[in-house]
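Engineer: My questions concern the predicted model and sequence given below.
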Amino acid sequence: MSYVPSSSLQSRCCAVDIENACAGDMMGRTPLHVAASAGHTDLVKWLLKATADPAMKDKQGNTPLNDAVLAKRDRIAQLIRQEHPSQRFLCPLSGVLMCQAAFNGALTDIKRFILNGVSVNEADYDGRTALHLAACEGHVECVEYLLENKANVDSKDRFGGTPLEDAVRHNFDVRNVKQVQKILRDHGSSLKNSLTNYTIKMCEFAATGMIEKIMVLSENGVDVGQGDYDGRTPLHLAACNGQTAVLELLLRQQTVVINAVDRFGGTPYEDALRHERKGAAAILEEAGGIRTGDPRLKDVVMKQDAELQAKQKATQEPKVEHMVNNSQESSALRLTTGKLSTEIAEQRSKVETILQRMVWAIKGLDARLKASKGNIPLHDREFLKAANHLLELSNTMREVVIASRAALDAEMGSEDGPVDCLIWKHATKVYMNEAEFLDRQLRGFLIIARSIRRITKEVVKLSKRHRLVASDGSPGRPGRAQWRFSPSSSSQRSIRSMSRTQSNASSTLLKPVLESHAL
């Protein structure tokens, strides 16, 4: 049942042209904008059935769907999406709105935005997503919903921080943040590959005895066996400062290296003895700590060096790959590869298209000549029409080949790109070789086109200016009997001369072309 506006609204709507109903006011807002934001469901239905444009934007860039979503008119937003499935909530501030809802823990608003087309990974001006804000504020339900909707658990903001780092940073300030950390870890997030050097932070915490912060970092993937810029691990710092509780905690971790050697050749046990930390020395000695100079340290040092090299390689490879991919040489190589895949392919396809048409035209003439046993069927107008068509194709072939050669010459003569770049020079050389190979083919096709053009032109000329002689030698008008050409002496000399000068080129070039097209 269609909606009919009532009372005074009915008379006004019926009197207004639909074009005027879709027009906007001074702010560009149409009746559909106003009805959607005000929550007039029946009027929105009527306007949509009256073909009101739901994609119309006001001067602020908002559509009727935007107004319905911002005004929390969920029923009206659903109506617009049902009638026009392509409509989405498109707003420059959608990332900010998502982050604001996540910060406040407004799960209903987050669901509304996502349901109306906002990406779950939409970011604000700092690159922070809704998952960042929900994680640092400890909103467990929001975090779970965002992850269920494929939120990027390792998305980085402008400062290189991930949602897990935000949750760790606010570990002691916000409720439920430990639960949030576990949820993020269960979805694959970790501090192991963070841009922030948490190893140095853990060394600081070990030196000052901050056990809870060490536990937080360790639970979220920080390796307690890694060292700082001097190769000193948290175990070194805890030993030389006598932090026995920290030592006991660190020794229970799977990644701890009891006899790690720093840049100065010292072990944690050696540091404890040097600083006269008897309690720490006793704990380390019981755990298997050894002093500097012990022969057993040789294997430990070799293992540490291998691990350090592997870590440096893993860290440097992405940087090197990024530098190579964005280098001047790589850009030149990509540019040249693009030329190889576009310019040469384009010219080759143009020539092959017209060549295929010529082959089929020659095949048609050949079939007609075979049907007449080598005699030119003068009474057959279709034969003359086919000969003229082949002549036109040969002219077109000649024009296409000349244009293609000119395009290749222009490309080979260009000096685009860095001249002092070796890769560019090599790539240009490869391109020129490809282009020269195609040019040799084009020159062959040009000879073929000229040969076909001259032969066909002579046949057409003779067909128009021929002398007919009957088969028995008596002159007369041919009837249905078979007739042969008796061309003039000048025409005969022209054909013989053309055959002598182009016999080699025609036989050499036409044969492979025709054979390749299964003639």
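Structural biologist: Noted; the coordinates are in hand.

Engineer: Now do the contacts for the nearest residue to residue 165 once chain neighbours are set aside.
Structural biologist: Distances taken as C-beta to C-beta, 6 or more residues apart in numbering place residue 194 nearest to residue 165, at 6.2 Å, with adjacent residues excluded. (Each C-beta comes from the backbone N, C-alpha and C, glycine too.) Applying C-beta atoms under 8 Å, 6 or more residues apart in numbering to residue 194 gives the contacts 160, 162, 165.

Engineer: Could you tell me what pLDDT the model assigned to residue 194?
Structural biologist: Looking at residue 194, its pLDDT reads 77.

Engineer: just to revisit the earlier point, could I get the contacts of residue 194 as TSV with pLDDT and neighbour count?
Structural biologist: Below are the contacts of residue 194 laid out as TSV (pLDDT from 0 to 100; neighbours: other C-beta atoms under 10 Å):
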residue	pLDDT	neighbour count
160	86	11
162	92	26
165	92	24
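
Engineer: Among those, which one sits closest to residue 395?
Structural biologist: residue 160 (65.4 Å; C-beta to C-beta).

Engineer: you'd agree the closest one is up against residue 197?
Structural biologist: No - using C-beta atoms under 8 Å, residue 160 makes no contact with residue 197, being 11.5 Å away.

Engineer: who's in contact with whatever helix or strand residue 285 lives in?
Structural biologist: In the assignment (DSSP states H and E), residue 285 maps to helix 278-286. Outside of helix 278-286, the residues within contact range by C-beta under 8 Å, 6+ apart are 238-240, 242-244, 247-248, 251, 258, 268-269, 272-273, 289.

Engineer: Rounded mean pLDDT for stretch 118-131, please.
Structural biologist: Rounded mean pLDDT across stretch 118-131 is 93.

Engineer: Can you give me the end-to-end span of that stretch?
Structural biologist: 14 Å (C-alpha to C-alpha, to the nearest Å).

Engineer: That one: which residues count as buried?
Structural biologist: Using 16 or more other C-beta atoms under 10 Å as the test for burial, stretch 118-131 gives 118, 119, 120, 121, 122, 123, 124, 128, 129, 130, 131.

Engineer: Which members of these are positioned in helices?
Structural biologist: Judged by DSSP state H, the subset of those located in helices is 130, 131.

Engineer: between the buried residues of stretch 118-131, which is nearest residue 28?
Structural biologist: Distance to residue 28 across the buried residues of stretch 118-131 (C-beta to C-beta) is lowest for residue 118, with 22.4 Å.

Engineer: Identify the residue spatially nearest to the closest one, adjacent ones excluded.
Structural biologist: In space, residue 118 is closest to residue 94, 4.9 Å off (C-beta to C-beta, 6+ apart).

Engineer: how many other residues sit next to the one you found?
Structural biologist: By the criterion of other C-beta atoms under 10 Å, residue 94 has 21 neighbours.

Engineer: Residue 141 versus residue 306, what's the distance?
Structural biologist: 46 Å (C-beta to C-beta, to the nearest Å).

Engineer: Take stretch 78-93, keep the C-alpha atoms, and write them as CSV.
Structural biologist: Presented in CSV, the C-alpha positions along stretch 78-93 are these (Å, rounded to 0.1, in the frame of the first residue of the first chain):
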residue,chain,number,x,y,z
GLN,A,78,17.4,0.9,7.0
LEU,A,79,14.7,2.1,4.6
ILE,A,80,17.2,4.1,2.5
ARG,A,81,19.6,1.1,2.3
GLN,A,82,16.7,-1.2,1.3
GLU,A,83,15.6,1.0,-1.5
HIS,A,84,19.1,2.0,-2.6
PRO,A,85,21.6,-0.7,-1.5
SER,A,86,24.5,1.3,-3.0
GLN,A,87,24.1,4.0,-0.4
ARG,A,88,26.8,4.3,2.2
PHE,A,89,27.6,6.6,5.1
LEU,A,90,30.3,8.8,3.4
CYS,A,91,31.7,11.5,5.7
PRO,A,92,35.3,12.9,5.9
LEU,A,93,35.0,12.6,9.7
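
Engineer: what's the offset of it from the middle of its chain?
Structural biologist: 26 Å (C-alpha atoms, centre = their mean, to the nearest Å).

Engineer: among the contacts of helix 278-286, which ones are buried?
Structural biologist: Buried by 16+ other C-beta under 10 Å: 238-240, 242-244, 247, 251, 258, 268-269, 272-273, 289, out of the contacts of helix 278-286.

Engineer: Out of the residues you listed, which sit inside helices?
Structural biologist: 238, 239, 240, 244, 247, 251, 268, 269, 272, 273.

Engineer: mind giving me JSON lines with the residues you listed and columns for pLDDT?
Structural biologist: Formatted as JSON lines, these follow (pLDDT from 0 to 100):
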{"residue": "238", "pLDDT": "94"}
{"residue": "239", "pLDDT": "94"}
{"residue": "240", "pLDDT": "92"}
{"residue": "244", "pLDDT": "93"}
{"residue": "247", "pLDDT": "93"}
{"residue": "251", "pLDDT": "92"}
{"residue": "268", "pLDDT": "92"}
{"residue": "269", "pLDDT": "91"}
{"residue": "272", "pLDDT": "92"}
{"residue": "273", "pLDDT": "91"}
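
Engineer: Mind picking the one among those residues that's closest to residue 57?
Structural biologist: Distances from residue 57 to those, taken by C-beta to C-beta, are shortest for residue 238, at 61.8 Å.

Engineer: can you tell me how far that closest one sits from residue 224?
Structural biologist: Using C-beta to C-beta, residue 238 is found at 10 Å from residue 224.

Engineer: For the spatially closest residue to residue 391 that is not a sequence neighbour, what is the enclosing helix or strand?
Structural biologist: Closest residue to residue 391 apart from its sequence neighbours, by C-beta to C-beta, 6+ apart: residue 456 at 4.5 Å. Residue 456 is part of helix 422-464 when elements are defined by DSSP H and E.

Engineer: which ones are touching the residue nearest to residue 118?
Structural biologist: Counting by C-beta under 8 Å, 6+ apart, residue 94 has contacts 113, 118, 119, 122.

Engineer: how deep is residue 75 tucked in, by neighbour count?
Structural biologist: By other C-beta under 10 Å, neighbour count at residue 75 equals 10.

Engineer: now for the buried residues of stretch 118-131, which pair is the farthest apart?
Structural biologist: With C-beta to C-beta as the measure, no two of those lie farther apart than 118 and 128, at 15.0 Å.

Engineer: Show me how far stretch 253-263 is from its chain's centre.
Structural biologist: Worked out by C-alpha atoms, centre = their mean, stretch 253-263 lies 43 Å from the chain centre.

Engineer: can you list contacts of it?
Structural biologist: By C-beta under 8 Å, 6+ apart, stretch 253-263 touches 218, 223-225, 227, 230-233, 235-236, 250-251, 267-269, 284, 287-290, 292, 296-297, 300-301, 304.

Engineer: Sketch out the low-pLDDT regions of the chain for me.
Structural biologist: Applying pLDDT under 70 to the chain picks out residues 1-24, 195, 315, 328-329, 332-341, 374-380, 411-432, 462-519.

Engineer: Please work out how many residues are found near residue 287.
Structural biologist: Using other C-beta under 10 Å, residue 287 has 17 neighbouring residues.

Engineer: do residue 350 as well
Structural biologist: Residues contacting residue 350 under the criterion other C-beta under 10 Å number 15.

Engineer: Can you say which helix or strand has it in it?
Structural biologist: Take DSSP H and E as the rule and residue 350 turns out to sit in helix 345-371.
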